[in-house]
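Visitor: Provided below for reference: sequence and predicted model.
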Amino acid sequence: MKNLSPVIILGDSSTNSLGVIRAFGRRQIPVILLSKSKSNSTLVRSRYVSEFFSLNDWSTAEIEATLKKVVRHRSGDEPLVVFPTSDAALLAYSRLKSTLDGPFTDSLPPGNLVEICIHKDKFYELARRFDWVIPKSIYLPLEQFKENGLREKFGYPFALKPVESHRFVSCFDQKLFVIQSHQDLIHRLQELAKAEIPVLAQELISGSEFFMMYFYISKNQQSIAVSGFRKVRQSPPDYGTGSLVESFWNEELIRRSITHLKEMGYTGIGEIEYKLDERSDEYKLLEVNARSNTFNRLPAKMGIDFEYLYYLDALNRLEDGLFMKPSREKMRWIDFTKDIPSLNLLRKNGAISFSEVIDSFRYLKLDGYFAWDDLSPFFAELGKLLSGIVHYLKKKRGQKAPPAL
């Protein structure tokens, strides 16, 4: 059998990276992992990782040096397909690739669109130019925020949303700040200034209905694949990532999304996300993620392996003239490491009943970590979850203990 071109995955521990590893490993495509993860981390434990190279950070210099090391270790001459799975890795590799020597290939979006999608100030500027329906947003330098009457523009509460999500999440372990008062605003701006993280002020959209379209558009724009999803739960429950996701087809939003992507001149893999504003009964576009998503094995279960389409296109083997849609069977995907804490919070706040919890697991087909053919990552995450629960219970018991005499 002809040797298959290896895939180099750039990413850290997540269901996104693990799903991509499994996508290629199950096709017997060699998987080379470049990650900041440790050698005993969840990702590296996957049986489908052929080689692992550790990174100190996601700088272009670090990635370039490690890719050169990969080439030195190779014995074959097949092309190497590069697949970033995180914003930090995507941004760095996209900036590096034009000057990179070696047998590397990919199917990433054009570099200018990677920059626009990752930097939300640029993305909303583009959206306004095309007159897309988006949340009301204002970008200002941090030092100008308190001087510009945001209370009058938005009213409290409103959101401070990061320009670069990956930097914000890495620093604050949440997706945004909800601002409840002027004092709250001043406090958060001080934190942001210290971390040197720019943000936008944005209206909060009332409601809990999200729609996401996962897609692939070929480099020559002659083939396209799409699938639709919505969040059943997210973690944290108010503003978070999907912890329980189900397949869902919204024809109007699918058509609108394809139009938006064509207007952008977008090619490659990605996910476009909307939220339903209950006040106006309209879906508002939140973002386009220019990479694979956390629940990428769910569309594969439904009949479309987007990551493999990326691989074929990178090697110029993707058939032209395709328009691929998934099975319409309802299916759900869960990340148990995020959904259990989310359920705990919802139950504590009385926001979900026991019967609703049980009903939410109907149609469940996949977990982001559990797989019979690759059990080690699941047990690694289960161990971390149980350790966290034990630590929480010990801390709670210690708080309730009577003072020593």
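Guide: Received, thanks.

Visitor: in stretch 214-232, what's buried?
Guide: Judged by neighbour count using 16 or more other CB atoms under 10 Å, the buried positions of stretch 214-232 are 214-219, 223-232. Just so you know, the C-beta spots here come from the backbone N, C-alpha and C atoms, and that holds for glycine as well.

Visitor: tell me where the stretch 251-400 of the chain is predicted with low confidence.
Guide: 399-400 (pLDDT under 70).

Visitor: quick one, helices of it?
Guide: Listed in chain order, the helices of the stretch 251-400 of the chain (DSSP state H, counting those that start in this stretch) span residues 251-264, 297-301, 306-314, 336-348, 354-360, 376-400.

Visitor: who wins for proximity to residue 242 among these?
Guide: If you check each of those against residue 242 by CB to CB, helix 336-348 wins as the nearest, at 8.5 Å.

Visitor: now the closest one: buried residues?
Guide: Under 16+ other CB under 10 Å, the buried positions of helix 336-348 are 336, 337, 338, 339, 341, 342, 343, 346.

Visitor: same thing with stretch 353-363?
Guide: residue 360.

Visitor: and what of stretch 17-35?
Guide: Result for stretch 17-35 [16+ other CB under 10 Å]: buried residues 17-26, 29-35.

Visitor: give me the subset of these lying in helices.
Guide: Counting by DSSP state H, these place 17, 18, 19, 20, 21, 22, 23, 24, 25 in helices.

Visitor: pLDDT wise, what is the first one at?
Guide: We have a pLDDT of 97 for residue 17.

Visitor: using a markdown table, lay out the helices of the stretch 251-400 of the chain together with distance to residue 94.
Guide: Listed next are those as a markdown table, based on distance: least, CB to CB, whole Å:
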| stretch | distance to residue 94 |
| --- | --- |
| helix 251-264 | 15 |
| helix 297-301 | 24 |
| helix 306-314 | 14 |
| helix 336-348 | 28 |
| helix 354-360 | 37 |
| helix 376-400 | 27 |
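
Visitor: break this structure into its domains for me.
Guide: Domain assignment for the chain by automatic domain parsing gives 7-106, 136-202, 210-367.

Visitor: so which of these comes closest to residue 127?
Guide: Proximity to residue 127 (CB to CB) singles out domain 210-367 among the domains of the chain, at 6.3 Å.

Visitor: tell me the bridge partners for residue 234.
Guide: Beta bridges link residue 234 to residue 242 when assigned by DSSP bridges.

Visitor: just give me the neighbour total for it.
Guide: 20 (other CB atoms under 10 Å).

Visitor: ok, now the one 10 residues further on?
Guide: Per other CB under 10 Å, the neighbour tally for residue 244 reads 22.

Visitor: got it, and residue 154?
Guide: 18.

Visitor: so who does it touch?
Guide: For residue 154, the contacting residues are 136, 201, 202, 203, by CB atoms under 8 Å, 6 or more residues apart in numbering.

Visitor: dihedrals phi and psi, the closest residue to the first one other than its chain neighbours?
Guide: Okay, so that is residue 136. With sequence-adjacent residues excluded and distances taken as CB to CB, 6 or more residues apart in numbering, residue 136 is closest to residue 203, at 4.4 Å. Residue 203 adopts backbone torsions of phi -60, psi 150, taken as degrees, to the nearest 10.

Visitor: ok, now residue 245?
Guide: phi -130, psi 140.

Visitor: my read: it touches residue 293, true?
Guide: No - assessed by CB atoms under 8 Å, residue 245 is found out of contact with residue 293, at 9.0 Å.

Visitor: thinking again about what came up before, can you pick out the most distant pair from the buried residues of helix 336-348?
Guide: 337 and 346 (16.0 Å).

Visitor: tell me where the model's unsure across the stretch 51-200 of the chain.
Guide: 146-148.

Visitor: coming back round to it: redo the ones in helices among the buried residues of stretch 17-35 as a markdown table? Include distance to residue 305.
Guide: Output for those, formatted as a markdown table (distance: CB to CB, whole Å):
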| residue | distance to residue 305 |
| --- | --- |
| 17 | 16 |
| 18 | 15 |
| 19 | 10 |
| 20 | 10 |
| 21 | 13 |
| 22 | 11 |
| 23 | 6 |
| 24 | 10 |
| 25 | 13 |
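
Visitor: and the two most separated of the buried residues of stretch 214-232?
Guide: 219 and 232 (34.0 Å).

Visitor: nearest residue to the middle of this structure?
Guide: With distances taken as CA atoms, centre = their mean, the residue of the chain nearest its centroid is residue 293 (4.6 Å).

Visitor: residues touching that residue, list them.
Guide: 16, 212, 214, 271.

Visitor: same thing with residue 188?
Guide: Going by CB under 8 Å, 6+ apart, the list of residues near residue 188 reads 160, 177, 179.

Visitor: repeat that for residue 308.
Guide: Residue 308 makes contact with 23, 24, 27 under the criterion CB under 8 Å, 6+ apart.

Visitor: now do residue 115
Guide: For residue 115, the contact set (CB under 8 Å, 6+ apart) comprises 91, 94, 122.

Visitor: kindly recompute the last result at 7 Å.
Guide: Applying CB atoms under 7 Å, 6 or more residues apart in numbering, we find residue 115 in contact with residue 122.

Visitor: give me the buried positions along whichever strand or helix holds it.
Guide: In the assignment (DSSP states H and E), residue 115 maps to helix 111-118. Buried residues in helix 111-118, counted by 16+ other CB under 10 Å: 113, 114, 115, 116, 117, 118.

Visitor: just the angle between that helix and helix 251-264, please?
Guide: Helix 111-118 and helix 251-264 meet at an angle of 130 degrees, taking axes from the mean of the first three to the mean of the last three CA atoms, to 10 degrees as the criterion.

Visitor: how far does helix 111-118 sit from its chain's centre?
Guide: 15 Å (CA atoms, centre = their mean, to the nearest Å).
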